[in-house]
Every structure is written in C-alpha cells, then in structure tokens.
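[1] Can you look at this prediction? I've put the sequence above it.
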Amino acid sequence: MDPYPAEGEVKKLAVVVPTYWGPVREYELGVPSPAYDHPTPLGSQGTLPRLLESLARNRGVEFEVFLVVAPTEPGLGEAAERQVQGLAAPFAEAMPLVVIGPNALGELKAELEGKGLEVDLLSLQGYGNVRNLGLAVGLLSGAEAIVFLDDDEVVEQDCLAKAAASLDDLTRRAGAAVGVAGPYLDPDGSSFLPESPEWGNPFLDKARYINQALRNFLQGGEKKPTPLAFGGNMVLSRALAPRVPFDPLIPRGEDIDYVLSAWLLGCEFYFDPGLRVTHLPPAEPRPTPCEALRRDVVRFIYEREKLAHAAAPGLPIRLELGPYPGRFLVGDLEGPASSALNSICGWGKAEVGRFLDSVRDWARGAAPRYFTYSERWRAFAERLGG
C-alpha cells in the first residue's frame, strides 16, 4: 500500500523557514551568541540559497515560502532582512516567497493591532517566538498546513507532496489537530548521530539516547505517536496551530517542547520515517560544549517542572516518553547535571550549586506561564486568516 496517496485534503502548504543572522565576529570567533546555535554571519550567503534551490524543484502540491528573519542582536535586523531579500530574489519566479523581518513584522503588527488583536504575541526574539510568528503567517496565508524547515537543509522534489499526504493520512486517523515529524539524514544518508564513548551520564550520553529513540521510531516504517521531533522537519495542521503555540520561554529544544505541549493540550503528534530531509549544518559558529550543556540543563529542568505542573490540574501526558526525551524529564536531573557541569565546564561545587538552584527556582516559577500563554495565543490565532 502506498503510504503517500495522491489525493487528500491538504491543497496548500505554508513553508516556514526561520533564518538566524549574526555579526561577522561570531564566525571569526567560531562561537555564536548565547541565544542561538549557528546563525549565519551578515555579509555571507550561508546555507539558505541551497535550501531554496531544492524547494524550487518541488512539485505535486501548492506552497508558499515564508522566510522569518531573526537577528541575534539589536540593530542587525534591517540589514539581515535586506540580505535575505537579496538571497530570495533569484527564486521569486520559481515559487511564491515572502520575507518576514523587522520591517515586515512592524507592518503586520500595525495591521493586526488595528483589528484589535494582541500583537505583543509576535516577536523575532527567541526560538519559540520566531516559530510562533511562523504559525501566524501560515494561518494568515490560508494554507491547510504549515511545514517548518531549517535553512541548513536540502529537500527532495517530492518532499512537500509527501508532507501533505502524510498529514492527510493522520488527520483521517487522529483528527484535525495533529502534527507529524520526520528524521534528518546526514550527508551519508544516516539518521543517527555520532556517539562518543559512553560516560554513564545522560547529559553527556545524549546522542545515545536520541539514537535509541530513533531506532524505535524507524523500525517497521509506520507512523507512530511520538514525543520526539526535529524542528527542521515538522508539519502542523491548520487546526493544530491555533491550539498549541511554541513556548517562548524554552531556551532551546523548542521542537520537542512543542510536541509535548501538543499532547498536554489534547492534540496528537506522530513520527513518519518516510518524511526525510537532509540536514547539512555549517561547521561554525557553534556553541561551546559548556554552553550547549548549560542550555540543555536549563531546558530539561524547565521541561520537567512544566510536566509536573501540567499533571497537577489534570493534564497528565498521554504518551510513552521513551529513552529520549523521557530520561531527561523525570526524577533526578540535578545529580547528573552537577557531574556533567564539573567535567565539561570545570565548575566547582559551589558554582554548580548556585547555577542549579537558580535554574530550579526559575523553572518552578515559569512552568505555569505556558498554559496561560497558550490561552492568549489561542484567542489571538483563531482570529487570523478568517
């Protein structure tokens, strides 16, 4: 049986590509700003034209591309917006393209504010906010589904048609408010991450946990309920986007956080092994190992507290969390985090203790805020696009 039938309800896709831009010094130093993993230095082409070239070859479904331009520092936004407009221009005849940077966002907010909408929910600062802006423009476009890709990917010419068909299949099986994610392929065609020697610490063995989860999802080839997604390969139905926003407070890992939030809010998310994109991230700039670890500690402690808060008012997770992200969401995280921070960052006991105390206090205070935010988002998003 063909897993991607030719006919379906998804006739138009909004393809949203967040693209992050920073100063040249980040490239020269090889280390990006604390907020983002690998922004493109202003003045360079980066990886975006390669993605657009592959998107322009897609056939089989109508689509419109939205490039959401996020600067890593204040004052860079207009230059980044102009640069992306220049990079997108050669592809404008091949496919509909819209660049959303600070200027375009300002115009959009003025229009929506005139209609009485809460425009403070739209921002270009932080992973969650950037993706929520993508949800908003996707809803405004009238598309039946929103596809998130990253600017360091390459897609096959049937990628978008497969995305539409996969979502069609799932809406028939699971209802209208549903999402689907697929695997990344590396340049050699593998879906698995390279693994370092085992540390016996989940924070330092994270690639092993991810690979174990991927083996479970890839086995058999069928679509399976998932707590795992990659942000550059996500497809959301039009009904899902107003009900579930990305969390503006998550410092990284907004993709997995989104999937967990969807389950918590009564929606479903699936993993489709056949929905593949090739991921070709640049060699630099990259976070230092210490910075990447620090962000992981913050995100997982926050996520743990968020799930704990959700269980209290009757929103328990309805999903097996598996080895990843499950191992990072329950029980003692502080012990492994303390050991990892000592090994990778060279922090002493007192410094580690202060850091973990501050993260835990912040997470417990912040965790309830997402659920209030999601109510505000729903009221806002349901008015977009008619």
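    Looks like it arrived, so ask away.
[2] ok, the nearest residue in space to residue 310 that is not next to it in sequence - contacts?
    Take residue 310 and drop its neighbours on the chain: the residue closest to it by Cβ to Cβ, 6 or more residues apart in numbering is residue 264, 4.9 Å away. In short, each C-beta sits where N, CA and C put it, glycine included. Contacts for residue 264 (Cβ atoms under 8 Å, 6 or more residues apart in numbering) come out as 307, 310, 315, 317.
[3] could you pull out the helices for the stretch 201-350 of the chain?
    Counting by DSSP state H, counting those that start in this stretch, the stretch 201-350 of the chain has helices at residues 206-218, 240-243, 254-264, 289-311, 334-345, 349-366.
[4] for those, which one sits closest to residue 141?
    Taking Cβ to Cβ, helix 240-243 is the member of those nearest to residue 141, at 11.0 Å.
[5] In PDB, list the C-alpha atoms belonging to that closest one.
    Taking Å, rounded to 0.1, in the frame of the first residue of the first chain, the C-alpha atoms of helix 240-243 are listed here in PDB:
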ATOM      1  CA  LEU A 240      -3.200  22.500  15.500                       C
ATOM      2  CA  ALA A 241      -1.600  25.900  15.000                       C
ATOM      3  CA  PRO A 242      -4.100  28.000  17.000                       C
ATOM      4  CA  ARG A 243      -4.400  25.400  19.800                       C
END
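[6] got the contact list for it?
    By Cβ under 8 Å, 6+ apart, helix 240-243 touches 135, 138-139, 146, 176-179, 262, 265-267, 374, 377-378, 381-382, 384.
[7] Pull out the buried residues from the contacts of residue 264.
    Neighbour-count burial (16 or more other Cβ atoms under 10 Å) applied to those gives 307, 310.
[8] and which of the contacts of residue 264 is nearest residue 220?
    residue 317 (23.3 Å).
[9] what about the nearest residue to that closest one once chain neighbours are set aside, how many neighbours?
    Nearest residue to residue 317 in three dimensions, chain neighbours excluded: residue 263, at 5.7 Å (Cβ to Cβ, 6+ apart). Number of residues near residue 263 (other Cβ atoms under 10 Å) recorded here: 21.
[10] My guess is residue 263 contacts residue 316. True?
    No. The criterion here is Cβ atoms under 8 Å, and residue 263 misses it with residue 316 at 9.7 Å.
[11] now, the most widely separated pair of the contacts of residue 264?
    The distance between the two most remote of these (Cβ to Cβ) is 9.2 Å, for 307 and 315.
[12] circling back: read off the pLDDT value for the residue nearest to residue 310.
    For residue 264, the pLDDT comes out at 94.
[13] For residue 319, see how far away it is.
    As for residue 264, its distance to residue 319 is 9 Å (criterion: Cβ to Cβ, to the nearest Å).
[14] How about residue 157?
    Per Cβ to Cβ, residue 157 is found 33 Å from residue 319.
[15] between those two, who's got more neighbours?
    Counted by other Cβ under 10 Å, residue 157 and residue 319 do not tie: residue 319 has more neighbours, with 17 against 13.
[16] give the contact list for the more buried one.
    Counting by Cβ under 8 Å, 6+ apart, residue 319 has contacts 225-227, 263.
[17] Between the residues you listed, which sits nearest residue 208?
    Each of the contacts of residue 319 was checked against residue 208 using Cβ to Cβ; the closest is residue 227, at 17.0 Å.
[18] so what's the residue lying closest to that closest one once chain neighbours are set aside up against?
    In this structure, residue 227 finds its nearest non-sequential neighbour in residue 321, 5.0 Å apart by Cβ to Cβ, 6+ apart. Contact analysis of residue 321 by Cβ under 8 Å, 6+ apart lists 227, 329-330.
[19] Would you mind putting these into a markdown table with distance to residue 124 alongside?
    Formatted as a markdown table, the contacts of residue 321 follow (distance: Cβ to Cβ, whole Å):
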| residue | distance to residue 124 |
| --- | --- |
| 227 | 28 |
| 329 | 29 |
| 330 | 34 |
